[in-house]
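1. here are the coordinates; sequence isn't available:
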């Protein structure tokens, strides 16, 4: 069953938002109290905060709509993409390295994929107390604390040069070469999918990523940026797609309004 109706969009977006907030509170308990760090087979770190948030979100999404499969980094990431092209993509704690380093730059990512495209997304930053939502109806909003949702929109890069947001933990030589090719640019660093939030609310213009990422790293941010008027494109200029074999992304450039064209 497609998202289709506005009523269904509202229901699923509300469920995803509530689960992201609950997961954020769970993560913050571990953030304050501490937790052991383990290393996964791909050499990335994982903590009990990741796993606890994963359990909460996966169970909640399954309860919200049992007919939609859930693909999550920490629990169901090894299976193939669902054959009908409709599924949730979840990163219960995006930016585990930043969580461990206590920079505060980590997020909860929940996205709904239909036919390879992210149609709904929630991106929650627990430390900052802000939540970004693409509601499935074409609108992107930002909520700070208990405030009201406020529409956000990406911007066109200023004439004096773009503001570039780069990965704090994964910047490499290819990224630096790409940035140099943009000409004069203001460069900032940030961790996790927060970079998509900065683009979506018009505080940055370009986020290049040449290192390895997985679909659950980008899907929620992509949905929000797209609803805000921006794009996430591969190096051939094609919009990033989801449900690929292995869930591995190609290198990409996320941008505001026509910032890369």
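-> That came through fine. Everything numeric here is computed off the predicted structure, so don't read it as measured data. Numbers count the residues shown, from 1 in each chain.
2. so which residues of the stretch 101-250 of the chain form helices?
-> 173-181, 194-200, 215-227 (DSSP state H, counting those that start in this stretch).
3. got CSV for those helices, with distance to residue 22 and mean pLDDT too?
-> C-beta here means a position set from N, CA and C on the backbone, and glycine is covered the same way. As requested, the helices of the stretch 101-250 of the chain are arranged in CSV below (distance: least, C-beta to C-beta, whole Å; pLDDT from 0 to 100):
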stretch, distance to residue 22, mean pLDDT
helix 173-181, 34, 80
helix 194-200, 20, 96
helix 215-227, 16, 97
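4. for those, which one sits closest to residue 92?
-> Counting by C-beta to C-beta, residue 92 lies closest to helix 215-227 out of these; the figure is 8.9 Å.
5. between the helices of the stretch 101-250 of the chain, which one is closest to residue 54.
-> Closest of the helices of the stretch 101-250 of the chain to residue 54 is helix 215-227, at 10.6 Å (criterion: C-beta to C-beta).
6. now do the buried residues in stretch 9-17.
-> Residues of stretch 9-17 classed as buried by neighbour count (16 or more other C-beta atoms under 10 Å): 9, 12-13, 15-17.
7. I meant to write stretch 31-43 there.
-> 31, 35.
8. span of stretch 68-87 from start to end?
-> End-to-end distance for stretch 68-87: 5 Å, by C-alpha to C-alpha, to the nearest Å.
9. where along the stretch 1-150 of the chain do the strands fall?
-> For the stretch 1-150 of the chain, the strands defined by DSSP state E, counting those that start in this stretch occupy 37-39, 45-47, 70-72, 86-94, 107-114, 117-125, 130-134, 140-144, 150-151.
10. and among those strands, the most buried is which?
-> With neighbours taken as mean count of other C-beta atoms under 10 Å, the strands of the stretch 1-150 of the chain reach their highest mean count in strand 107-114, at a mean of 29.
11. give me the helices and strands touching that one, please.
-> Contacts defined by 3 or more C-beta pairs under 8 Å, 6 or more residues apart in numbering; DSSP states H and E place strand 107-114 against helix 6-33, helix 48-64, strand 86-94, strand 117-125, helix 215-227.
12. can you list the strands that that strand pairs with?
-> Strand 107-114 pairs in its sheet with strand 86-94 (antiparallel), strand 117-125 (antiparallel), by DSSP bridges.
13. and the angle from it to helix 215-227?
-> Put simply, strand 107-114 runs at 80 degrees to helix 215-227, going by axes from the mean of the first three to the mean of the last three C-alpha atoms, to 10 degrees.
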